[in-house]
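Colleague: Coordinates for the following, if possible.
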Amino acid sequence: MQKLNLPEYEFKLREQNGQNQIFDVFRKKYVALTPEEWVRQNFLIYLVKEKNYPQSLISVEAGLKLYKRSKRTDIVVYDKKGSPVLIVECKAPEIKINQNAFDQIVRYNIAIKVKYLIVTNGLEHFCCTLDYENNSYLFLQEIPEYKNILI
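Modeller: Numbering: from 1, shown residues only. Next up, the predicted model:
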């Protein structure tokens, strides 16, 4: 798989019925190893190992209802009370991060209402914090540590 702009991690990989798979420690099962899944798995481990996000407070492919339609978020991070505080949208490395990617995560956030949004393709990572009072957002220079998103 493609080298990403993240530290390198070890993963359990296998081939089954001609399909490459990666073990997802969050969902506790093997899943198809697509370019987007490669980004998701690397970013999940990055959040846990580098940014100290508790693995137990991260949900992968959480379902949500948006305008009576079922959608799935790539990654949702919760605070210790179980309230969502951050959404991550993962794209394959060849997908350019553009307005469409942000529009997608903003639509998901209509249902969830978190304070932080991240969009990544594994090569570029964009994080912003939302200010609902002033109806604005601010892009951050780096992905915050878990303890800093709780403030």
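Colleague: Please name the residues that touch the nearest residue to Asp131 once chain neighbours are set aside.
Modeller: Nearest-residue entry for Asp131: Tyr137, 6.7 Å, with adjacent residues in sequence omitted and distances by CB to CB, 6 or more residues apart in numbering. No exception for glycine: its C-beta is placed from N, CA and C like everyone else's. By CB atoms under 8 Å, 6 or more residues apart in numbering, the contact set of Tyr137 is 117, 128-131.
Colleague: among those, who's most crowded?
Modeller: Leu117 (22 neighbours; other CB atoms under 10 Å).
Colleague: name the element it belongs to?
Modeller: According to DSSP states H and E, Leu117 maps onto strand 116-120.
Colleague: Also Val77?
Modeller: Assigned by DSSP H and E, Val77 falls in strand 69-78.
Colleague: May I have the strands that pair with that strand, each with its orientation?
Modeller: Using DSSP bridges, strand 69-78 pairs in its sheet with strand 58-66 (antiparallel), strand 84-90 (antiparallel).
Colleague: Which of the ones you listed comes out lowest on mean pLDDT?
Modeller: Among the strands paired with strand 69-78, strand 58-66 has the lowest mean pLDDT, at a mean of 71.
Colleague: Return the angle between stretch directions for the helix or strand encompassing Asn100 and strand 116-120.
Modeller: Using DSSP H and E, Asn100 maps to helix 99-112. For helix 99-112 against strand 116-120, the angle by axes from the mean of the first three to the mean of the last three CA atoms, to 10 degrees is 150 degrees.
Colleague: Since that was my last question, I'll sign off now.
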